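Peer 1: the following block contains a protein sequence and its predicted model.
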Amino acid sequence: MYGPVQILDGKTLSVTIQRELADKVDQMLANGERPPHLAAIIVGANPASKVYVGHKIKACDRVGYQSSIIELPEATTQEQLLTEIKRLNLDDSIDGYIVQLPLPRHIDNDIVIQAVSPLKDVDGFHPVNIGKMTMGLDTFIPATPYGIITLLDRYNISTEGKSVLVLGRSNIVGTPMSILLSRNAKVGNATVTLAHSRTQNLDQLCSNADIIVAAIGRDRFVKEHMVKRGAVIIDVGINSIPDPTKKRGYRLVGDVDFDNVVDKCSFITPVPGGVGPLTVAALMMNTLKAAQLYRPK
Ligand code: NDP
């Protein structure tokens, strides 16, 4: 009934999207406008955060955006961070910015997220933007769900009327993903179940789903018996597991046991090379939007 599985190549699609964005930047320059400018605040020395911010800055270079990194020490107080955020909100030369998470424990994420100007909130985490997204209004959509929607769209994977199981309910991935796929939109109109750590009968819920979006941070959690034949599998998870055969001593795996389920599905994202690169491409799309819609004239 189903042909061979198709690997959803997020890496190649991300390159394509970035080329399209670079063309738009060329048009801006030709019109005498300056390129979009993305800033990233990073607090502390979390190595993974440094890697993620590095990917975002490299993407800015590729598409021709200006970028700035604001590195603050681990001991930065919440007040000092809020002062920096206020400065960025008022700086007309910056179109959009992100505050890389996680923040040190003494800083309240929610207070920080709410301090970011909704017009510069290219991560799409501010309650105003989450509210607009929920109402189906045009806004900044959180980068990972936006990347996944773009992936489904570009691969012409229909979600209409489909049964979707979103695994994980975080504010940045699972919850916005469930809202987007429920909406009356081209990539939407699905019947969505949002599962979490208190969900019962998870195996059964998964095995009834036409599409699974796994975002729980549990290495290779989704196994073959949880996957319906012909299902579409979107694996958001990034988990590091020891691997002595690798020079660095570890490798990255997803929340889905790829080797175990690959023959049973119609489409699947690899880890790495699936959702991750699209998250970066989506951030670039949001930054262009900030520059085009909200830059003071
Ligand atoms: P969080 O840790 O914020 O949330 C995890 C969610 O998974 C929670 O809702 C939790 O439930 C649920 N969960 C945890 N264990 C189980 C379980 N055994 N069964 C069912 N539900 C469970 O995760 P994030 O959304 O921030 O990230 C998820 C994964 O995606 C991580 O691996 C992260 O590294 C990756 N990620 C990847 C990105 C990319 O660009 N590819 C971007 C962002 C994240 P409860 O709410 O009940 O605690």
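Peer 2: Yes, it's here.

Peer 1: pull out the buried positions in stretch 240-252.
Peer 2: Along stretch 240-252, these residues count as buried under the neighbour rule (16 or more other Cβ atoms under 10 Å): residue 252. Glycine gets a C-beta too; all of them are placed from N, C-alpha and C.

Peer 1: please renumber so the chain begins at 808
Peer 2: All right, first residue 808 from here; so that's stretch 1047-1059.

Peer 1: list the beta-bridge partners for residue 879.
Peer 2: Beta-bridge pairing of residue 879, defined through DSSP bridges, involves residue 850.

Peer 1: what number of residues lie near it?
Peer 2: 17 (other Cβ atoms under 10 Å).

Peer 1: quick one: contacts for it?
Peer 2: By Cβ atoms under 8 Å, 6 or more residues apart in numbering, the contact list for residue 879 reads 848-851, 887-888, 891.

Peer 1: residue 1068 is in contact with residue 1077, correct?
Peer 2: No: counting by Cβ atoms under 8 Å, residue 1068 is not a contact partner of residue 1077; they are 11.9 Å apart.

Peer 1: how far does stretch 825-834 sit from the chain's center?
Peer 2: Between the mean C-alpha location of stretch 825-834 and the chain-wide mean there is a distance of 21 Å, by Cα atoms, centre = their mean, to the nearest Å.

Peer 1: quick check: mean pLDDT of stretch 1023-1042?
Peer 2: pLDDT averaged over stretch 1023-1042 equals 98, rounded to a whole number.

Peer 1: where does pLDDT dip in this structure?
Peer 2: Applying pLDDT under 70 to the chain flags the ranges 808-809.

Peer 1: more neighbours: which of residue 1077 and residue 1068?
Peer 2: Between residue 1077 and residue 1068, residue 1068 has the larger neighbour count (other Cβ under 10 Å), namely 22 against 18.

Peer 1: doesn't the more buried one fall inside a helix?
Peer 2: Yes: Residue 1068: assigned to a helix according to DSSP: H, G, I helix; E, B strand; the rest coil.
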